[in-house]
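K.L.:
pasting the sequence and the predicted coordinates here, then a few questions.
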Number of protein chains: 2
Amino acid sequence: MWRYEPPLREMQFVIEDLLGAPAQWAQVPGFAGLDAATARSVLAEAGRFAAEVLAPTNADGDRHGCSWDEGRVATPPGFREAYRAYCDGGWPALACDPDWGGQGLPLLLHVALTEMLNSANHAWNMYAGLTHGAYETLRAHATADLQQRYLPKIVSGEWLATMCLTESHAGTDLGLLRTRADPVGGEPRSGSEVRVSGTKIFISGGEHDLTDNIVHLVLARLPDGPPGSKGLSLVLVPKVLTDGTHNRVHCDGIEKKMGLAGSATCVLRFDAATGWLVGEPHRGLPAMFVMMNAARLLVGMQGLGHLEMASQNARRYAHERMQSRAPQRPPGQAPRRADPIALHPAVRRALWTLQALAEGQRVIAYRTAQLLDEAEHHPDAAQRARAHELVALLTPVLKAFCTETGHLGADAALQVWGGHGYVREYGIEQSVRDSRVAMIYEGTNEIQAIDLLLRKVLDGGGQRLALLMDELEDEAARCDADPAVAEFGRALREHADALAAATVELETGREADPEWPYRVADDYLRATGLLLMGWAWARTARVAAPRAGDAWYAARLDAARFGLRWLLPEIDWRLQRVQAADAPLPWGPA
Amino acid sequence: MWRYEPPLREMQFVIEDLLGAPAQWAQVPGFAGLDAATARSVLAEAGRFAAEVLAPTNADGDRHGCSWDEGRVATPPGFREAYRAYCDGGWPALACDPDWGGQGLPLLLHVALTEMLNSANHAWNMYAGLTHGAYETLRAHATADLQQRYLPKIVSGEWLATMCLTESHAGTDLGLLRTRADPVGGEPRSGSEVRVSGTKIFISGGEHDLTDNIVHLVLARLPDGPPGSKGLSLVLVPKVLTDGTHNRVHCDGIEKKMGLAGSATCVLRFDAATGWLVGEPHRGLPAMFVMMNAARLLVGMQGLGHLEMASQNARRYAHERMQSRAPQRPPGQAPRRADPIALHPAVRRALWTLQALAEGQRVIAYRTAQLLDEAEHHPDAAQRARAHELVALLTPVLKAFCTETGHLGADAALQVWGGHGYVREYGIEQSVRDSRVAMIYEGTNEIQAIDLLLRKVLDGGGQRLALLMDELEDEAARCDADPAVAEFGRALREHADALAAATVELETGREADPEWPYRVADDYLRATGLLLMGWAWARTARVAAPRAGDAWYAARLDAARFGLRWLLPEIDWRLQRVQAADAPLPWGPA
């Protein structure tokens, strides 16, 4: 049946063998005390929490959902208890600064934790997962006074936080926001008190019973704020004020959704609610964008969490379910009346696809987290700058590619269960429903594609892409040196060259046809994501090949080779679409 | 908001202009009285029923679902009334023989009706949609006595029918069935009374409150039936016996599913229930297969129904929703603060993709229905045989390609609504959930792919494929003659040649590697489906181009050209996978 086994060995393989993270920690002052053994035991403990405490609440959470009654929201059975255990374990504070009560561990470990929480219960993690973003925003922008009042409680998990952006007429286009922030007293500046009025929708965790207080970070417009997104300010609005009175924030309802029933998606009405500016007036959007890279990576981890869960459960089911004779059997296995469906080629291919993508995405996601740690902590400024640029490039790809693959992967995995997959008690259909929204929030995947191609690649004159190409070429060159994995190097270089060539065409062609990159951005992102998979599979193969006498490493090599031969060629098709400059996209259909 | 507008003009375009069906009806004795105007008015009436009576019950059906109480099942509010109106309109009998009370109209019109019913309310049509298959099975195999007792009531809609195949351990592999049929009296033969014992699962409409009686067609094994699928017999087991007593058939529960909440998916326990053999002993599977072609085509129409619904609703929403400025606007349109998202390239491309696929699939599906009519009614035996072979080839493609595209199309369309798409009240998420199961039942899509490649193409020595290639070449040659659409002819021929070449490689290579076609059957089917789209777009373009001065025809040409340039090249990628004979597919992952 549906259950979670934390992929601890796979994680360790990525963190230690593929990324060499422990050696890097030793060079960073803040992480110097951290070694591989400690990291392993942190993740093992996190895996226990995810598998034993959190995962058992997932199906119930879907069945019961949240309930709303006169502005109060009750979370599903078990969610409170799991949240208490989570705080008792110190997990909210994992990657927070010790100055604020955090454990000061690398974001890399926080990302691995997040993968596991999302595998176990994505809906539950919609509450807990926002903490890190709120922490980073306040740490970067709030006044010392606001930090003192709010950061310790957020880091400890005593209070949860939200991001209040969307209004019914303003989703992608935040410039259309109408929520007002009226100053109390004189000229507003960072930390000034304001009164917030307006209605926000789609606020995850906007109201719940997990914590006594909720810290809302609200985008609103000061009276003198210019129209558009440049006139927005960020305001901290707590549910409960310091004196214990309830602020004028009302939850007017929760959405009935396709999935994530355990996550309360709230309509929040601010009725001249008391708040304080976080950062300077009209600088709200840049303040929120500070935390975007980490937040988008964490949303990508929702995709990986679902993909891993779908992969391991489909594999188990396919080995148990006996149906029809397979056209072939492993050597030495006698024919039976019916074989495990895992032997049937269509199922086998589905399982390898899930496995290769989950393993490849873990490499890329953890590598990005490692770069985020470098960008923050590396002693060398040039290294920090380089890491920052690479993260900026990789983030939209991870967000969009992992969430799409997570959802479509779960959807494809459902097929392994046949008719049972469509029935709730088998679990996979919940994954399909829960995973869908991650392609939408935190910037739709289409917005990520435009961010990647227009802003991160073309607008930078291709310099960020060049940094990535260096990383890929470095890996290709290492593969060249070992005949056992030379084909990985060749394929990686060939596809990287193809992407680079397509980029040059776009760069040149967009002067005459400025819309062209917009028309093909989704394919460009998909090709980039697959190319990153190629990089991950190459590195995996190179490290696993010398140990392929061991069945565990042989399986890594098998997955990497499957990805190389079956999945990577999709890049050609995607780039063919990217390069079809004259493919018509008329104005209709009306 | 979510609503249904029957695409009557598009249907008429396909039936009259692309397929020339009315001219063909004139040559068939049974249809000689039918002209284009009558067909149009039949479909207009069907469209009114679908849009005005049935569609309004869809969202409620999902919300309420079915309820089970002590073996009795209540369908959602409005389902009974809609079913009564459906019967009063004579719709169950549309394509049934007048000898049994039917209207004797072409299956082509029944397929068009089915598309509309599925767009309006797929769950509801899970009850009504099984009638035609049961009718065909009984007409072909039941004794005259059974026919007299059951066919008129089925044709009138007074009684509904089911297909009882699956057991918990036997889905795809029907040979594993354990349900017994014990003869009453002497040597069993067609029409003999038997007692049926066993438990069936996933029985759509196994119990409900729409009709007083339900006619179950049950696959079971006689005591002397050989093991495996060759030992199965088909038994008619009514819920209520002729004397009015309740037969020993018990509904032990209904499934909680991802979607289709309004359709009761039943566990049916037969406890020495009274039944009669339909067809000869041990010949149950071939008897059921008689109706498979039509049934699978009708399941394909579930895909088209969802795709059409997603397409037209996404289009409407995208024209209403204003968000951000588009990079370009139609000529003469002044810049605004925010444009309809229909102008944004990513959305525009999504809308055209839905539109081109829905229009292309309608052509192929209706063409297949036309061939089914030919196979049944054409005065020339050679023509009938040819049509039969083509239908055999096209059917698995239609079932798998349309259901996959219907589900993934609805899933992609959801993105157009952004966060609203994830909320139940907007309707699209129900389509995503409802459409998913059609990829599984009536033979999983993987089984369809094996049926296509192994049985229909390779085992026939390629003769059926040659018939299809003739049809494609005929269209390509017609396109050659008109410079305005010559590019369609070229692309169609080029991709057809590529599929033919890949087929030859498989034919040759499978001797040394018998598993190869099994590994790539899914890609082969997808490539074939896209090639059929190419055929549909070519014919559409050829007929629409001369009238492109009219905006309506210009839109058809635009959709066809979009398909040609943006969607058809996927064939290259799919065939690359088909032809990668040496791509590894190891036995794990364990």
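P.N.:
Cool, the structure landed.
K.L.:
going forward, measure contacts and count neighbours with C-alpha atoms only.
P.N.:
Will do.
K.L.:
close to chain B, is stretch A:489-508?
P.N.:
No. On the criterion Cα under 8 Å from any Cα of the partner chain, stretch A:489-508 is out of touch with chain B, staying 14.0 Å away.
K.L.:
what is the mean pLDDT for that stretch?
P.N.:
Stretch A:489-508 shows a mean pLDDT of 98.
K.L.:
in the worst-scoring helix or strand of chain A on mean pLDDT, what's buried?
P.N.:
When each helix and strand of chain A is scored by mean pLDDT, DSSP states H and E, helix A:284-290 comes last, with a mean of 85. By neighbour count with 16 or more other Cα atoms under 10 Å in any protein chain shown, helix A:284-290 contains the buried residues A:Gly284, A:Leu285, A:Pro286, A:Ala287, A:Met288.
K.L.:
domains for chain A, by residue range?
P.N.:
With domains defined by automatic domain parsing, chain A comprises A:8-67+A:76-138, A:159-282, A:444-583.
K.L.:
end to end, how far does the first one reach?
P.N.:
This points to domain A:8-67+A:76-138. Distance across domain A:8-67+A:76-138, first residue to last, is 32 Å (Cα to Cα, to the nearest Å).
K.L.:
mind checking how far it is from the chain centre?
P.N.:
Chain-centre distance of domain A:8-67+A:76-138: 13 Å, with Cα atoms, centre = their mean, to the nearest Å.
K.L.:
look up phi and psi at A:Ile214.
P.N.:
As for A:Ile214, its main-chain torsions (degrees, to the nearest 10) stand at phi -130, psi 130.
K.L.:
quick check: it touching A:Leu236?
P.N.:
No. In this structure, A:Ile214 is not within contact of A:Leu236 by Cα atoms under 8 Å, at 10.3 Å.
K.L.:
mind listing what A:Gln448 touches?
P.N.:
With contact taken as Cα atoms under 8 Å, 6 or more residues apart in numbering or on different chains, A:Gln448 is in contact with A:Pro396, A:Val397, A:Lys399, A:Ala400.
K.L.:
so which of these are in helices?
P.N.:
Under the assignment DSSP state H, those contribute A:Pro396, A:Val397, A:Lys399, A:Ala400 to helices.
K.L.:
and which of the buried residues of helix A:284-290 is nearest chain B?
P.N.:
Nearest to chain B among these: A:Leu285, at 15.8 Å, using Cα to the nearest Cα.
K.L.:
just give the nearest non-adjacent residue to the closest one, would you?
P.N.:
Of all residues not flanking A:Leu285 in the chain, A:Leu232 sits nearest, at 6.4 Å (Cα to Cα, 6 or more residues apart in numbering or on different chains).
K.L.:
beyond the least confident helix or strand of chain A, next helix or strand please.
P.N.:
Going down the chain from helix A:284-290, the next helix or strand is helix A:292-320, by DSSP states H and E.
K.L.:
distance from the very next helix or strand once past that next one to the middle of the chain?
P.N.:
As assigned by DSSP H and E, the chain's next helix or strand after helix A:292-320 is helix A:345-377. With Cα atoms, centre = their mean as the basis, helix A:345-377 stands 12 Å off its chain's centre.
K.L.:
stretch A:538-545 too?
P.N.:
25 Å.
K.L.:
what does stretch A:490-510 give?
P.N.:
That offset, for stretch A:490-510, works out to 27 Å (Cα atoms, centre = their mean).
K.L.:
now do the buried residues in that stretch.
P.N.:
Neighbour-count burial for stretch A:490-510 flags A:490-493, A:495-496, A:498-500, A:502-503, A:506-507, A:509 (criterion: 16+ other Cα under 10 Å).
K.L.:
ok, now stretch A:177-196?
P.N.:
Result for stretch A:177-196 [16+ other Cα under 10 Å]: buried residues A:177-183, A:188, A:190-196.
K.L.:
those residues in strands, which ones?
P.N.:
With DSSP state E as the criterion, strands contain A:Arg180, A:Ala181, A:Asp182, A:Pro183, A:Glu193, A:Val194, A:Arg195, A:Val196 from among the buried residues of stretch A:177-196.
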